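In: sequence-free structure coming up:
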């Protein structure tokens, strides 16, 4: 009986090539390697465990179906991440369409509250342990609108340029800049509030 | 692009050399801008490399089994189409007629099948946001311009004396 | 010898096909006649100031006032100008709403309208608007002294 191939030491590029040739165990190894990262991105955007699992799963199925289109211009992980980001954005847009729009949402996007916010005068994250800092950033991110959160994720975590974000989010560069600016201002304020809470 | 956006663009390395010089000069003179820039730097700095670590709450085997099922379902769906050809053939003639009718109706209606086609573009120095109010049946594009640089309503019109009746 | 029922297309099948094609042909002829889309554009000024400051302007109709009031924050909405036109597919049509503002409307394939808001000769915003839904398109923006302008477009 033939032994199953051990792929644990095989490089991603080799696994991708094998998967493109229809080798499913090779694809399973790719899933095992990157599944946490892909799920984490979906979760960071959706803030809902169940939805994030479903979207991560859908992204992997889509990846298998489109594997022939992967040319290796970026790393496999980057390509996969783009797939799950697009799926999350589609889902968020669908959800937004079904939600009643309100002036508050518009206000937030245009920096309604943030416009009046005083500038944070001391570093709100100074001296924090890394684990605590991550916790606070995560908590603050949950309080942002999906547009603000997404633009921050794409810029700071995915290291995408303004024009790339504009393309992914289907909006103008000006809108990206505006959203990013007010998202950062709001995040600074939230981090400062968390610092004050801790001190009191 | 207003000064706030330029400060941010400088921080993100998205300004050209001339604008970089301008904003750097501004930062040495304007304390408000310098304070804002500091805040933006803190926020950006805090985020770098500090994304929360999240793990998929499902075992490798279980998650993979779901993906495998998804892949198989997709492949079955794709394979199902040619298998149904014999059944299709029987209905080919009436179906062709109906298809012709549907196609023409589609052309005449201008392909009105979706309302997802809305999009807008604005010059780079303009910030705009769009949204839809389902209840009021309005699609809105709002141009953010605190200083009201573009005003289609002239001051004369706004403050005109009452017209003779 | 008894013949087995055949699976060949029956007379009815051909009749449906012919009817379908005939109807299709009629529709193609009808579609070749240029269709006009009626567009109404209203320039509105939104302000919190007392009504008396804009004596020459009348308030927008109650329905529009209610709709704008539910979305935006201003107390009063005054109609500055109103233009209506029939726009033929593919041919851009410009409606001048004030000295500094006009809208260029073009009806595109796939039931889309492209609206360009032009201010002082410069395109402020270009919007592709789906005509599949019954929505009015509102292009709006900040004006001086915490007021706002609105261009409300309705397509029929």
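Out: Everything's here; your move. Being a predicted model, the structure only gives us computed values, none of them experimental.
In: hmm, the longest helix along chain A touching chain B?
Out: Looking across chain A with DSSP state H, the single longest helix is helix A:173-199. Yes - counting by C-beta under 8 Å from any C-beta of the partner chain, chain B is contacted by helix A:173-199 at A:173, A:174, A:175, A:177, A:178, A:180, A:181, A:184, A:185, A:187, A:188, A:191. C-beta: built from backbone N, CA, C; applies to glycine.
In: need the longest helix for chain C.
Out: Across chain C, the longest stretch assigned as helix under DSSP H is helix C:11-32.
In: mind listing what's buried in the helix or strand following it?
Out: Once the chain leaves helix C:11-32, the next helix or strand it forms, by DSSP states H and E, is strand C:36-47. For strand C:36-47, burial by neighbour count (16 or more other C-beta atoms under 10 Å in any protein chain shown) applies to C:37, C:39, C:41, C:42, C:43, C:44, C:45, C:46, C:47.
In: before we move on, what about stretch A:121-141?
Out: Neighbour-count burial for stretch A:121-141 flags A:123, A:124, A:125, A:128, A:133, A:134, A:136, A:137, A:138, A:140, A:141 (criterion: 16+ other C-beta under 10 Å).
In: Give the other helices and strands that the longest helix of chain A contacts.
Out: helix A:103-109, helix A:112-116, helix A:130-142, helix A:146-152, helix A:162-169, helix B:3-11, helix B:31-47, strand B:127-133 (3 or more C-beta pairs under 8 Å, 6 or more residues apart in numbering or on different chains; DSSP states H and E).
In: Would you reformat those as a markdown table and include distance to residue A:21 and mean pLDDT?
Out: Shown next, in a markdown table, are the helices and strands packed on helix A:173-199 (distance: least, C-beta to C-beta, whole Å; pLDDT from 0 to 100):
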| stretch | distance to residue A:21 | mean pLDDT |
| --- | --- | --- |
| helix A:103-109 | 46 | 49 |
| helix A:112-116 | 52 | 59 |
| helix A:130-142 | 40 | 92 |
| helix A:146-152 | 35 | 94 |
| helix A:162-169 | 30 | 92 |
| helix B:3-11 | 45 | 94 |
| helix B:31-47 | 40 | 94 |
| strand B:127-133 | 45 | 71 |
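In: Please tabulate those in a markdown table, including the columns distance to chain C.
Out: Output for the helices and strands packed on helix A:173-199, formatted as a markdown table (distance: least, C-beta to the nearest C-beta, whole Å):
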| stretch | distance to chain C |
| --- | --- |
| helix A:103-109 | 6 |
| helix A:112-116 | 10 |
| helix A:130-142 | 27 |
| helix A:146-152 | 18 |
| helix A:162-169 | 15 |
| helix B:3-11 | 15 |
| helix B:31-47 | 21 |
| strand B:127-133 | 5 |
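In: Which of those sits closest to residue A:47?
Out: helix A:130-142 (5.6 Å; C-beta to C-beta).
In: can you state the direction angle for that closest one and helix A:173-199?
Out: 130 degrees (axes from the mean of the first three to the mean of the last three C-alpha atoms, to 10 degrees).
In: now what about helix A:130-142, what contacts it?
Out: A:44, A:47, A:125, A:128, A:149, A:152-153, A:187, A:190-191, A:194, B:46-47, B:50-53 (C-beta atoms under 8 Å, 6 or more residues apart in numbering or on different chains).
In: partner strands of the helix or strand harbouring residue C:80, parallel or antiparallel?
Out: Using DSSP H and E, the element containing residue C:80 is strand C:76-88. Paired neighbours of strand C:76-88 in the sheet (DSSP bridges): strand C:36-47 (antiparallel), strand C:58-59 (antiparallel).
In: Who wins on neighbours among the residues of helix A:173-199 next to chain B?
Out: residue A:187 (28 neighbours; other C-beta atoms under 10 Å in any protein chain shown).
In: Could you check how far residue C:112 is from chain B?
Out: Counting by C-beta to the nearest C-beta, to the nearest Å, the separation of residue C:112 from chain B is 6 Å.
In: thinking that residue is in contact with residue C:127, fair?
Out: No - in this structure, residue C:112 is not within contact of residue C:127 by C-beta atoms under 8 Å, at 10.0 Å.
In: more neighbours, these two?
Out: Between residue C:112 and residue C:127, residue C:127 has the larger neighbour count (other C-beta under 10 Å), namely 24 against 19.
In: for chain B, which spans come out with low pLDDT?
Out: B:81-117, B:122-128, B:145-148, B:160-165 (pLDDT under 70).
In: in it, which spans are strands?
Out: B:119-121, B:127-133, B:138-144 (DSSP state E).
In: Out of these, flag the one nearest residue C:84.
Out: Evaluated with C-beta to C-beta, the strands of chain B place strand B:138-144 nearest to residue C:84, the distance being 18.8 Å.
In: Which strands or helices does the closest one pack on?
Out: Applying 3+ C-beta pairs under 8 Å, 6+ apart, one finds that strand B:138-144 contacts strand B:127-133, helix C:62-71, strand C:122-130, strand C:136-143.
In: got the residue ranges for the helices in chain B?
Out: Counting by DSSP H, the helices of chain B are B:3-11, B:17-29, B:31-47, B:60-83, B:85-90, B:92-108, B:155-158.
In: so can I have TSV of the ones you listed showing mean neighbour count?
Out: Below are the helices of chain B laid out as TSV (neighbours: other C-beta atoms under 10 Å in any protein chain shown):
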stretch	mean neighbour count
helix B:3-11	20
helix B:17-29	12
helix B:31-47	18
helix B:60-83	13
helix B:85-90	10
helix B:92-108	16
helix B:155-158	15
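In: Out of the ones you listed, the one nearest residue C:119 is which?
Out: Using C-beta to C-beta, the helices of chain B put helix B:155-158 closest to residue C:119, at 14.8 Å.
In: what does stretch A:151-161 contact?
Out: Against stretch A:151-161 from outside (C-beta under 8 Å, 6+ apart): A:41, A:44-45, A:81, A:85, A:141, A:144, A:162, A:164-165, A:168-169, A:176, A:179-180, A:183-184, A:187, B:12, B:14, B:44, B:47-48, B:51.
In: If you count neighbours, what's buried in the longest helix of chain C?
Out: Under the neighbour-count criterion of 16+ other C-beta under 10 Å, helix C:11-32 has C:13, C:16, C:17, C:20, C:24, C:27 buried.
In: likewise stretch B:132-140?
Out: B:132, B:133, B:136, B:138, B:139, B:140.
In: do stretch A:152-171 as well
Out: A:152-158, A:160, A:162, A:165-166, A:168-169, A:171.
In: Residue B:28 - nearest residue in space that isn't next to it in sequence?
Out: Nearest non-adjacent residue to residue B:28, counting by C-beta to C-beta, 6 or more residues apart in numbering or on different chains: residue B:34, 7.9 Å away.
In: correction: residue B:27
Out: Counting by C-beta to C-beta, 6+ apart, residue B:34 is the residue found nearest to residue B:27 once chain neighbours are left out, at 5.1 Å.
In: swap in residue C:92?
Out: Spatial nearest neighbour of residue C:92, chain neighbours left out: residue C:106 (4.3 Å); criterion: C-beta to C-beta, 6+ apart.
In: pLDDT weak spots in chain A?
Out: Short version for chain A, where the test is pLDDT under 70: A:1-4, A:97-116.
In: How much space separates the residue nearest the centre of it from residue A:127?
Out: Central residue of chain A (C-alpha atoms, centre = their mean): residue A:41, 4.1 Å from the mean position. Distance, residue A:41 to residue A:127, by C-beta to C-beta, to the nearest Å: 29 Å.
In: same thing with residue A:147?
Out: 31 Å.
In: Could you do residue B:137 as well?
Out: 52 Å.
In: Over to residue C:120?
Out: For residue C:120, the distance to residue A:127 - C-beta to C-beta - is 52 Å.
In: now do residue A:137
Out: Separation of residue A:137 from residue A:127 (C-beta to C-beta) stands at 15 Å.
In: ok, now residue B:21?
Out: For residue B:21, the distance to residue A:127 (C-beta to C-beta) stands at 35 Å.
In: How is residue C:153 classified with respect to secondary structure?
Out: Of the three states, residue C:153 takes strand under DSSP: H, G, I helix; E, B strand; the rest coil.
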